[in-house]
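Visitor: structure for this input, please:
(chains A and B)
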Amino acid sequence: MIQLQKAIVVGASSGIGEATAKRLCAEGASVALLARRKEDLDRVAADIEKSGKGKAFVHVHDVTHFDEVPELFEKIVAELGGLDVIVYAAGVMPKIDESEYAFAKDRQMIEVNLLGAMAWLNPAAAKFEAQHQGTIVGISSIAGERGRRGNPGYCTSKAAFSTYLESLRNRLARYGVNVVTIKPGFVDTAMTAGVPGLFWLIKPEQAAQSSLALARRGSGAQGFVPWRWSLVAMVVRSIPSFIFRRLNF
Amino acid sequence: MKRVPNRSLRATATWRVHDGFGRAVRAACRTVAPRSEEELQELFRLAKSEGLTLAFRGNGRSYGDAAINSQGLVVDMRGLDGMLNWDPQSGIAEAQGGLTIQGLWRRTIEDGYWPAVVPGTMFPTMAGCASMNIHGKNNFAVGPFGEHVQEIDLVTARGEKLRCSRTENADVFRAAIGGVGMLGAITRVKLKLKKIHSGKLRVHPMSAPNLEGMFDAFEARLPHSDYLVGWIDGFARGNSLGRGEIHQANYLHEGEDPNPVHSLHVENQGLPPKIFGFPKDKLWHLMKPWTNNLGWRVVCWAKYMASALGSHKPYLQSHVAFAFLLDYVPNWRLAYGAEGLIQVQIFVPHATARACFADALKIAQDHGEPTYLAVMKRHRPDEFLLTHALDGWSLAMDYRVTAKNRERIWKLSRDIQARVIAAGGKFYFAKDATLTSEEVVASYGAEKLAAFGALKQRLDPDGLLSSDLFRRALPSVAAATNLDAPERMRAD
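Guide: Residues are numbered from 1 along each chain as shown, chains lettered A, B, ... in the order given. As a prediction, the model looks like this:
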């Protein structure tokens, strides 16, 4: 039985992170909410309090402040009285023009989408390995399946995040630790607002529900949300490079 | 792995999962690995400024949580592993704290010297051996490791380096040896080795039909033995309770070995590469299906029958093959499964040992958790403050831990420990994973613990040195000295 009663959600102020935190609380969990924007976290915490289910703890934190993570992680674990699950949902995808090569934006994506995840999931992985149980959920993306022309930095950050999670899964499965990679398709969040050509758009709540359902299976897996994106991913992965480079996405 | 970061330890030290040798206790700990005494001293300074406690770790051969510090830093001392000096005339070696027993004997044996005291594995470090004051199968004859140490360097939490011997800082010397690393880092050990005239020992096997027989055979052989160790079948009951096998070993006298140069050669001191035809590093996989009550009952029965019915003729065996039984099967502890094992080693005065050992074996059987491996030795008192040794006997018992039986195993160990305290006995921190503070006070005595606490207050006034073992089993020491790190340090 997978326990998800003591949780950390990094990137809980909006989108899939917010929806996941609320869903965990709706199931009675104590959840530490982390994000940069205090007002948004307070709003999420107020919603949770209003629901009368679960308990939320607000921690304002910028995931690129890597040095703050170990101490904050320990503080939160003490506050929760242990840890069952950590969800890394923080992510950025700044708009990149076709002919734009912006190191500052690439760096921001790598720092938030990948390095911040490593900073948070490393201590969690060590803790879970020692206690021989625990669940890590990483919100990656289908964008990491191929290097698309639209946003090289974003695709890179998500491909690396997915590989990192796979390595953690292979490292920790022998200790009974459950590492789940979630690869959502298009989700109706602030990140996708105004992006043209989206289809099969789902609500964050649906993504959160599917993600937690995958996590509860306990077998450690990667899952596309919703599942039909796995067919898309299969096709996308199989397109030869000389064709892929001519496509418009 | 991070050596000593020049930024915040709390923020940048590497996370590592450290377990005890028995694997039943483990924790994720910040870990650093200094490469010099200067780095170590810098580490003390940084840790103090950040309110982090430190625990030293060598090769992780303590069965419990002595080298785990879940609330602070683990300092991996294996980087300071040099042999500083070796005098083949006097047999005196000087080594850094991270040098292993293996590193020591391989350097000295061809000169005809063997460490006077070795444990059942060659991988503990010099500092680990001194901090735990380990003993061997010859404790009754030559005392513990510390008895052969002439001098140590102790880098204290205040950053000073103390030279300690029986004539210089003698009180610290007798407390730091066996002081579980709580007085400082032992960075140098000077010790006297045993002169040997052959690379082989003469080994006499014998069997005993029950516990009384084991004690009687031990007592009969003690005056004639250099080493004496007994294995007990933990499953045998009734009239056969405590049955087992004894191995007596003796050094060969000068002239007995016709070719000592050959037998003393390092290459002739290896362990067999295969056991029963299997590569030894794969053998634990084969052991795993047998590592349960039924499997070990069969193994123990077969081992006892082989001993009882087999030859009792003496044979020659290399020092390494006789001494390091735990190294025959690499990773054998993995055969115990994910939750590992604990070892409970009890030390009981001569007068009460027979009854107490019988009760210990029965307590385990009554809990439905017979010991899979039980080893008996004879001991003598020594000069060290927190010594586990006494004029009596020890029985080391391995218990498999699973997710289901963990609570039962801890209860079992408590019951055995209560029986040992009633018998006037003691315990051994290198093996311990379950002792409570009250049990430690009852067995070691408040006076000795207070004396240790006074030294700790002097050498480590900020309570910088701590470990999971220290917080679990020795909080009385911290309380006696008003040391309550790290909370107190953070509040400053």
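Visitor: please make it C-alpha for all contacts and neighbour counts, starting now.
Guide: Noted.
Visitor: isn't residue B:74 right up against residue B:65?
Guide: No. The pair residue B:74 / residue B:65 is not scored as a contact, 11.4 Å apart, by C-alpha atoms under 8 Å.
Visitor: show me the shaky parts of chain A.
Guide: Within chain A, no stretch has pLDDT under 70.
Visitor: same thing but at 90, please
Guide: A:1-3, A:95, A:98, A:150, A:185-202, A:218-222, A:225-227, A:246-249 (pLDDT under 90).
Visitor: quick one: the strands in the stretch 251-400 of chain B?
Guide: B:274-275, B:278-279, B:315-318, B:341-349, B:373-379, B:392-400 (DSSP state E, counting those that start in this stretch).
Visitor: in the third one, what's buried?
Guide: Pointing back at strand B:315-318 there. Residues of strand B:315-318 classed as buried by neighbour count (16 or more other C-alpha atoms under 10 Å in any protein chain shown): B:316-318.
Visitor: and of those, the nearest to residue A:220?
Guide: Taking C-alpha to C-alpha as the measure, residue A:220 lies nearest residue B:318 of the buried residues of strand B:315-318, at 48.9 Å.
Visitor: that closest one bridge partners, please.
Guide: Beta-bridge partners of residue B:318, counted by DSSP bridges, are residue B:200.
Visitor: quick one: name the residues of chain B near chain A.
Guide: B:10-12, B:15-18, B:26-28, B:338 (C-alpha under 8 Å from any C-alpha of the partner chain).
Visitor: count of neighbours near residue B:458?
Guide: Neighbour count for residue B:458, taken as other C-alpha atoms under 10 Å in any protein chain shown: 14.
Visitor: I'd like to know which elements whichever helix or strand residue B:442 is part of is packed against.
Guide: Element membership for residue B:442 (DSSP states H and E) is helix B:437-444. For helix B:437-444, the packing partners by 3 or more C-alpha pairs under 8 Å, 6 or more residues apart in numbering or on different chains; DSSP states H and E come out as helix B:406-422, strand B:426-427, helix B:468-473, helix B:475-480.
Visitor: in that helix, what's buried?
Guide: B:437, B:439-444.
Visitor: same check, this time on stretch B:440-459
Guide: So, applying 16+ other C-alpha under 10 Å, buried residues of stretch B:440-459: B:440-444, B:446, B:448-457, B:459.
Visitor: same for the longest helix seen in chain A, what does it pack against?
Guide: Longest helix of chain A, by residue count under DSSP state H: helix A:152-172. Contacts defined by 3+ C-alpha pairs under 8 Å, 6+ apart place helix A:152-172 against helix A:103-109, helix A:116-131, strand A:178-184.
Visitor: highest average neighbour count across the ones you listed?
Guide: For those, average neighbour numbers computed from mean count of other C-alpha atoms under 10 Å in any protein chain shown are highest in strand A:178-184, which has a mean of 28.
Visitor: would you mind listing what in chain A touches chain B?
Guide: A:66-71, A:122-123, A:126-127, A:129-131, A:175.
Visitor: now the strands: where do they sit in the stretch 1-150 of chain B?
Guide: Counting by DSSP E, counting those that start in this stretch, the strands of the stretch 1-150 of chain B are B:14-19, B:26-32, B:54-57, B:73-76, B:83-87, B:92-96, B:113-114, B:149-155.
Visitor: residues near the closest residue to chain A within the stretch 51-200 of chain B, how many?
Guide: The stretch 51-200 of chain B approaches chain A most closely through residue B:71 (9.5 Å), counting by C-alpha to the nearest C-alpha. Around residue B:71 sit 21 other residues, with neighbours defined as other C-alpha under 10 Å.
Visitor: give the contact list for residue A:98.
Guide: Neighbour list for residue A:98: A:149-150 [criterion: C-alpha atoms under 8 Å, 6 or more residues apart in numbering or on different chains].
Visitor: wait, residue A:7
Guide: Contacts of residue A:7 (C-alpha under 8 Å, 6+ apart): A:24, A:29-32, A:80, A:83-87.
Visitor: most neighbours out of those, which is it?
Guide: That'd be residue A:31 among these, by other C-alpha under 10 Å, with 30 neighbours.
Visitor: need the three-state assignment for that residue.
Guide: strand (DSSP: H, G, I helix; E, B strand; the rest coil).
Visitor: make sure it is actually in contact with residue A:23.
Guide: No. Applying C-alpha under 8 Å, one finds residue A:31 not in contact with residue A:23, separated by 10.1 Å.
Visitor: need the overlap of contacts for the two.
Guide: With C-alpha under 8 Å, 6+ apart, residue A:31 and residue A:23 have no common neighbours.
Visitor: hmm, who's touching stretch A:155-164?
Guide: A:109-110, A:113-114, A:117, A:138, A:140-141, A:143-148, A:181.
Visitor: and those residues, which two are furthest apart?
Guide: A:117 and A:148 (22.2 Å).
Visitor: where does pLDDT dip in the stretch 201-350 of chain B?
Guide: The model of the stretch 201-350 of chain B has pLDDT under 90 over residues B:270-282, B:311-312.
Visitor: run the last query once more with 80
Guide: Applying pLDDT under 80 to the stretch 201-350 of chain B flags the ranges B:276.
Visitor: what's the least confident stretch among the helices and strands packed on helix B:437-444?
Guide: Mean pLDDT values for the helices and strands packed on helix B:437-444 show the minimum at helix B:475-480, a mean of 80.
Visitor: chain center to it, what's the gap?
Guide: 24 Å (C-alpha atoms, centre = their mean, to the nearest Å).
Visitor: contacts for that helix, please.
Guide: With C-alpha under 8 Å, 6+ apart, helix B:475-480 has contacts from B:437, B:441, B:449-450, B:452-454, B:463, B:484.
Visitor: now render those as JSON lines, adding distance to residue B:275 and secondary structure.
Guide: JSON lines is the format used below for the contacts of helix B:475-480 (distance: C-alpha to C-alpha, whole Å; DSSP: H, G, I helix; E, B strand; the rest coil):
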{"residue": "B:437", "distance to residue B:275": "42", "secondary structure": "helix"}
{"residue": "B:441", "distance to residue B:275": "44", "secondary structure": "helix"}
{"residue": "B:449", "distance to residue B:275": "45", "secondary structure": "helix"}
{"residue": "B:450", "distance to residue B:275": "49", "secondary structure": "helix"}
{"residue": "B:452", "distance to residue B:275": "45", "secondary structure": "helix"}
{"residue": "B:453", "distance to residue B:275": "48", "secondary structure": "helix"}
{"residue": "B:454", "distance to residue B:275": "50", "secondary structure": "helix"}
{"residue": "B:463", "distance to residue B:275": "48", "secondary structure": "coil"}
{"residue": "B:484", "distance to residue B:275": "50", "secondary structure": "coil"}
